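Student: I would like to see how this sequence folds:
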Amino acid sequence: MTTTLDKKALAAAHARLAATIALFKSYSTEAPDDRYLEAVQSGNCYSSRRNVFYYKKLLADDLIDFEQAESESKQSRAQSNMELNKAKIKVAQQLHACEVAVYESIAGNTWMPKNQAHTPTGPRKQLSEAELKEIRELVA
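Tutor: So this is what the prediction gives:
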């Protein structure tokens, strides 16, 4: 996914890093080393990534609510929630991309979650409509 970074969001991510450095200097006469900054920024990347997944889960829940709505008002509320959560996902993805860009400026390489660094990639199994229906019924 290629993302054009929002300048204000990127500036905010750099400002958080600068604030971390300033806070560190308030406790020490030396500046933090790159390894420390890399670890802090990696934590920011994990946090922003979790936000993306969180809003995606909310959107999936809204979709289920929409599909199972028993009244027009419940369907309308679910649809409104879906629109709001779509926007939240886009913002969360943009913020995550900015955190990753800041990490790359410190580490010199692309940030990758540790549990995915060695995950084999291959074709994923597609679920049939019957399997999807069964899952929807189980989580209802």
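Student: wait, what's in contact with Asp34?
Tutor: Ile106, Ala107 (Cβ atoms under 8 Å, 6 or more residues apart in numbering). C-beta: built from backbone N, CA, C; applies to glycine.
Student: and it, how close does it get to Leu10?
Tutor: 20 Å (Cβ to Cβ, to the nearest Å).
Student: one more: Pro113?
Tutor: Counting by Cβ to Cβ - Pro113 and Leu10 are separated by 21 Å.
Student: of those two, give the one with the bigger neighbour count.
Tutor: Leu10 (17 against 11; other Cβ atoms under 10 Å).
Student: tell me the secondary structure of the more buried one, please.
Tutor: helix (DSSP: H, G, I helix; E, B strand; the rest coil).
Student: ok, it touching Glu99?
Tutor: No. Using Cβ atoms under 8 Å, Leu10 is not in contact with Glu99, being 9.5 Å away.
Student: ranges for the helices of this protein?
Tutor: Taking DSSP state H as the test, the helices found in the chain are 7-27, 34-68, 72-107, 129-139.
Student: compile the ones you listed into JSON lines and extend it with columns for mean pLDDT.
Tutor: Converted to JSON lines, the helices of the chain look like this (pLDDT from 0 to 100):
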{"stretch": "helix 7-27", "mean pLDDT": "93"}
{"stretch": "helix 34-68", "mean pLDDT": "94"}
{"stretch": "helix 72-107", "mean pLDDT": "94"}
{"stretch": "helix 129-139", "mean pLDDT": "85"}
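Student: how much space between Leu132 and Gln75?
Tutor: From Leu132 to Gln75 the distance is 19 Å (Cβ to Cβ).
Student: who's more crowded, these two?
Tutor: Just comparing Leu132 and Gln75: by other Cβ under 10 Å the higher neighbour count belongs to Gln75, 15 against 10.
Student: from Thr4, how far out is that one?
Tutor: 35 Å.
Student: now swap in Ala107 and tell me
Tutor: In terms of Cβ to Cβ, Ala107 sits 22 Å off from Thr4.
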